[in-house]
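**Q** need a 3D model of the following:
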Amino acid sequence: MDTAVDELKQQACERIDAVAQQLIDVSHSIHARPEQNFAEVYASELLTRTANELGLPTELNMYGCDTGFSGEAGNGPTVCIMSEYDALPDIGHGCGHNIIAAAGLGAALALAVVAPQAGGRLRYLGTPAEEGGGGKLVMARNGALNGVDVAMMVHSADADLTTIDAIALQQLVVEYTGESAHAAAAPEKGRNALDAAVLGYMAVAALRQHILPTERIHGIFTRAGEKPNIVPRDAAMEWYVRSDTVTTLSALKPRVLNALQSGASACGCGFSHEWVDTPYADMVTNNNLSAMYVANASRIGRSVTVPGSNGRRVVGSTDMGNISHLVPSIHPMIASAPTGTSIHTVDFARESITPMAGKAVIDGAKAMAMTAIDFWTSPDQQRAIAKEFSEANADKDVL
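**A** Modelled structure (predicted):
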């Protein structure tokens, strides 16, 4: 290894070690105060304040998001490090975004120190509302990726993997409108919106037999009537529709909509729908950038494997997928919980403040920082990464 590069990596890792306890404290504090989409006031202020106190000038309320932030250091090829920090309803940080937030902060603090020597530029972004709302999309639309050459983040999981199996997703909200009546005295005067919704749900269940094995459709009832003795005059559901890519998602969407609308037709009810925001896109992992991350993770004792090679994979959807269609990106998974602990569960939330989770914060920060240094100091890698991205046929229409 080039001695100068090795010294930069050592300097970055020493910086992370010097602030390790503060990073873990940040992770625990965010975990203790879970906040949902675009309401991450405490987390965003804590991360911004800590970055400033530890030497990285960072501003809140950036790129169209009140709870988004940005910090910069250095000049040259630009690496974007991202932190997520929103939580889930009821179960809090069941996706471990507190770990993601602190690891991103640690990498950014280290890179701010070495960027001038490495000849690179850091952009540190705090991106809200990954669990719904697409904060990265909002920020990208407002210029957050201007001048960025590569982007990266690490995501907590129960295994060290090169990437999430991120498939395209779009949220769908549907409403059924019927006619209320007394359910015992005059049921013939009613048109049951709940029945319409239930039939629509069952139609989707039948559709699931005839979609790709990798596709997913799941929904909940959000309104289902007022009292048992009143024929429900309206009902509503929220659905997530997922497919391998944004292209196959476009083909699946009308099939789902037809199934849901069939319930309204059967019950003589009105039907309306809204496809919410921009779809989350599939993840396009840049393999050259990923290989550098794998090598650096190995340097600190983590063996990162390809999803499925050891029986482990994490399937989901993320707005980082959209980012990967715009700039070369990686989204590795870092083990912060015992094998078999599924994300989006109470168990995973509980594991997200253990010593294992704290180690993931520090190791994730180091692996990302060292990968950024490799990118900054290797024109050959910069060209290879850019060439791979240009040949990937990524869909730029993802905002």
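
**Q** spatially central residue in this protein, please.
**A** When the chain is reduced to its mean C-alpha position, the nearest residue by Cα atoms, centre = their mean turns out to be T318, at 3.6 Å.

**Q** gap between G134 and Y280?
**A** The gap separating G134 from Y280 is 7 Å, by Cβ to Cβ, to the nearest Å. Quick note: C-beta positions are derived from backbone N, CA and C, even for glycine.

**Q** that older thread, could you find the closest non-adjacent residue to the residue nearest to the centre of the chain?
**A** With Cβ to Cβ, 6 or more residues apart in numbering as the criterion, T318 has its nearest non-adjacent residue at 5.2 Å, and that residue is A166.

**Q** quick one: contacts for that neighbour?
**A** Contacts for A166 (Cβ atoms under 8 Å, 6 or more residues apart in numbering) come out as Y280, D282, M283, G316, S317, T318, M320, G321, H331.

**Q** and the contacts of the helix or strand containing H218?
**A** In this assignment (DSSP states H and E), H218 forms part of strand 216-223. Strand 216-223 is contacted by residues 167, 172, 175, 197, 201, 204, 207-208, 211, 234-242, 252, 256 when judged by Cβ under 8 Å, 6+ apart.

**Q** by pLDDT, give me the weakest of the contacts of A166.
**A** In terms of pLDDT, G316 ranks lowest among the contacts of A166, with 88.

**Q** sorry, back to before: and the contacts of A166 as a markdown table, adding secondary structure and distance to L399?
**A** Rendered in a markdown table, the data for the contacts of A166 read as follows (DSSP: H, G, I helix; E, B strand; the rest coil; distance: Cβ to Cβ, whole Å):
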| residue | secondary structure | distance to L399 |
| --- | --- | --- |
| Y280 | strand | 12 |
| D282 | coil | 15 |
| M283 | coil | 16 |
| G316 | strand | 20 |
| S317 | coil | 16 |
| T318 | coil | 15 |
| M320 | helix | 13 |
| G321 | helix | 12 |
| H331 | coil | 18 |
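
**Q** show me where the stretch 101-250 of the chain has helices.
**A** Secondary structure of the stretch 101-250 of the chain (DSSP state H, counting those that start in this stretch): helices at 135-141, 193-207, 246-267.

**Q** so how far is the strand holding H218 from its chain's centroid?
**A** 20 Å (Cα atoms, centre = their mean, to the nearest Å).

**Q** where does pLDDT dip in this protein?
**A** Per-residue confidence for the chain (pLDDT under 70) gives these ranges: 1, 311.

**Q** how does it divide into domains?
**A** For the chain, the domain assignment from automatic domain parsing gives the residue ranges 3-164+282-390, 168-280.

**Q** end to end, how far does the shortest one reach?
**A** Going back to what we said before, that points to domain 168-280. The first and final residues of domain 168-280 sit 5 Å from each other (Cα to Cα, to the nearest Å).

**Q** check the first one too.
**A** The distance separating the two terminal residues of domain 3-164+282-390, taken as Cα to Cα, comes to 31 Å.

**Q** just use 22 as the starting number from now, easier for me
**A** From this message on, residue numbering opens at 22, which makes the last subject domain 24-185+303-411.

**Q** re earlier: quick one: buried residues of the strand holding H239?
**A** Applying a neighbour-count criterion of 16 or more other Cβ atoms under 10 Å, one finds R237, I238, G240 buried in strand 237-244.

**Q** got it, and stretch 276-296?
**A** Across stretch 276-296, burial judged by 16+ other Cβ under 10 Å covers V277, L278, A280, L281, Q282, S283, G284, A285, C288, C290, F292.

**Q** just those residues now: which is nearest F369?
**A** F369 lies nearest to V277 out of the buried residues of stretch 276-296, by Cβ to Cβ, at 28.3 Å.

**Q** got the phi and psi for the residue nearest to the centre of the chain?
**A** The phi and psi values for T339, taken as degrees, to the nearest 10, are phi -150, psi 150.

**Q** what sits opposite the spatially closest residue to G125 that is not a sequence neighbour in the beta ladder?
**A** Using Cβ to Cβ, 6+ apart and skipping residues adjacent in sequence, the residue nearest G125 is S104, 3.3 Å away. For S104, the beta-bridge partners under DSSP bridges are G147.

**Q** roughly how far does S104 sit from A358?
**A** S104 sits 19 Å away from A358, going by Cβ to Cβ.

**Q** quick revisit: for V382, find the nearest of the helices of the stretch 122-271 of the chain.
**A** Ranking these by their distance to V382 (criterion: Cβ to Cβ) puts helix 156-162 first, at 20.8 Å.

**Q** hey, where'd the strands end up in the stretch 22-171 of the chain?
**A** Under the criterion DSSP state E, counting those that start in this stretch, strands of the stretch 22-171 of the chain are mapped to 79-83, 86-95, 99-104, 142-147, 171-173.

**Q** make CSV out of the helices of the stretch 122-271 of the chain and add distance to N119.
**A** Formatted as CSV, the entries for those read as follows, by distance: least, Cβ to Cβ, whole Å:
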stretch, distance to N119
helix 156-162, 16
helix 214-228, 34
helix 267-288, 30
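
**Q** list the buried residues in stretch 336-347.
**A** By neighbour count on 16+ other Cβ under 10 Å, the buried set for stretch 336-347 is G337, S338, T339, D340, M341, G342, N343, I344, S345, H346, L347.

**Q** got the contact list for it?
**A** Contacts for stretch 336-347 (Cβ under 8 Å, 6+ apart): 103, 148, 151, 155-158, 161, 166, 172, 174, 176, 185-190, 261, 263, 299, 301-307, 350, 352, 364, 415-417, 419-420.

**Q** good, we can wrap up now.
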